[in-house]
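Trainee: Okay, here's the prediction I keep looking at, along with the sequence it came from:
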Amino acid sequence: MMAVDWYGTPAAFIEQDWMPLVLADPDGTIFHTPAFLKLYWEEFGARDLRIAVVRRDDGQPTAAAAFELKDRVLSWLGGFDVTDYMGPVGDPEHREWSAGELMKSLADSPDWSKADLAGMATHGKWLAPLTDAAGHAGLSARVEPVDVAPFVQLPDSFELYLSKLDAKLRHEIRRKERRLRETHPDVRLVDSTADTISADLERFMEMHRSSRGEKGRFMVPGMELFFRRIGSTFIEDGTVRLAFLETEGVRIAAAAGFRWRDRFLLYNSAYDHAYAHDAPGMVLIAELIRSTIEEGYRGFDMLKGDLAYKYRFGARARGLARLRLRPRGSG
């Protein structure tokens, strides 16, 4: 027997700390952690908070999921713009049972009229059990593709990585690095530290705001504060990595991401458009892949977004889906 406890206040991020479940779950990511979701809620949360903890009879938690509710529409907590992977986390041994209890509890709740649960990895282990459990609980369930998250599987060395690329892609990476170093022979990769993160984020956001189109409009004041809080929260233990290409003391490209388990998650990037002809953004990604391999990681996750540049590094698309739910007979 299991039960689902629901919590509706931000105190649950601390009092019901589900970090052990994140670490126990192979599908758990930085985006599932209480620390990340707490930051999201504090900066962007404008809906009713719903945190579910599935427990065994002895009170031991087996799974947790964070939701938000607005106008009777239920969604995962996190926001699709800034949270790349969403959904439950839990003990793999009890995944099917936990999914069943969670869906039965949702089916019994009168608070929502439809659910739009976007951001679940199609290669993950939760989508199928939740979908099956929803049907067994009497809910109408439909799975839809919503986006992709291109991923690079990394070998033991950068040279081996390059050798596995299509010859045209390999030539392009080498040519752009060579051209940049011919113009700027002192160019180097520089990482932020806890002492420099505040000033470094200012430079990163300056480059971001100078971008054209939607990217340039992304870094509004509220988003800037969110990025600053992510940096200050996760820099101390090395989870956050903010890296720059620097030449003659000028930071010309930047990338922010997370070290997580056996992979690096590329969260956001920008470059100084005064150096656009040197392709510093592309060179920076290549250098990040090189250093990620050297640090011993085995994956480079480019996260959500079907952008052409990601495939120039040999990435393969991995799907993200949404699970739509409705109570039976609701139309």
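Mentor: Cool, the structure landed.
Trainee: Under the pLDDT cut-off, which ranges of the stretch 151-300 of the chain? List them.
Mentor: Counting by pLDDT under 70, the stretch 151-300 of the chain shows no low-confidence range.
Trainee: Hmm, residue 183 and residue 283 touching each other?
Mentor: No: contact status for residue 283 versus residue 183: not in contact, 10.9 Å apart, counting by Cβ atoms under 8 Å. Where C-beta positions appear, they are placed from N, C-alpha and C, glycine not excepted.
Trainee: Neighbour count: these two, which is higher?
Mentor: residue 283 (24 against 11; other Cβ atoms under 10 Å).
Trainee: and that one, that one's in a helix?
Mentor: Yes: applying DSSP: H, G, I helix; E, B strand; the rest coil, one finds residue 283 inside a helix.
Trainee: Distance check, it against residue 259.
Mentor: 21 Å (Cβ to Cβ, to the nearest Å).
Trainee: Residue 287 now?
Mentor: Taken as Cβ to Cβ, the span from residue 287 to residue 259 is 16 Å.
Trainee: what does stretch 244-258 rub up against?
Mentor: Stretch 244-258 is contacted by residues 30, 184, 186-192, 200, 203-204, 207, 227, 231, 234, 239-243, 264-272, 274-275, 278, 280-281, 283-285, 287-288 when judged by Cβ atoms under 8 Å, 6 or more residues apart in numbering.
Trainee: Cross those against strands and list the overlap.
Mentor: The strands, defined by DSSP state E, take in 188-191, 240-243, 264-271 from the contacts of stretch 244-258.
Trainee: Need the max-distance pair from those.
Mentor: The largest distance within the ones in strands among the contacts of stretch 244-258, taken as Cβ to Cβ, falls between 188 and 265 and amounts to 23.1 Å.
Trainee: which one of the ones in strands among the contacts of stretch 244-258 is nearest residue 126?
Mentor: Checking the ones in strands among the contacts of stretch 244-258 one by one against residue 126 (Cβ to Cβ), the nearest turns out to be residue 265, at 18.3 Å.
Trainee: give me the number of residues near the closest one?
Mentor: Neighbour number of residue 265 under other Cβ under 10 Å is 24.
Trainee: Which parts of the stretch 51-200 of the chain are strands?
Mentor: Taking DSSP state E, counting those that start in this stretch as the criterion, the stretch 51-200 of the chain contains strands spanning 61-70, 73-76, 89-90, 114-121, 139-148, 151-153, 188-191.
Trainee: Done for today, thanks.
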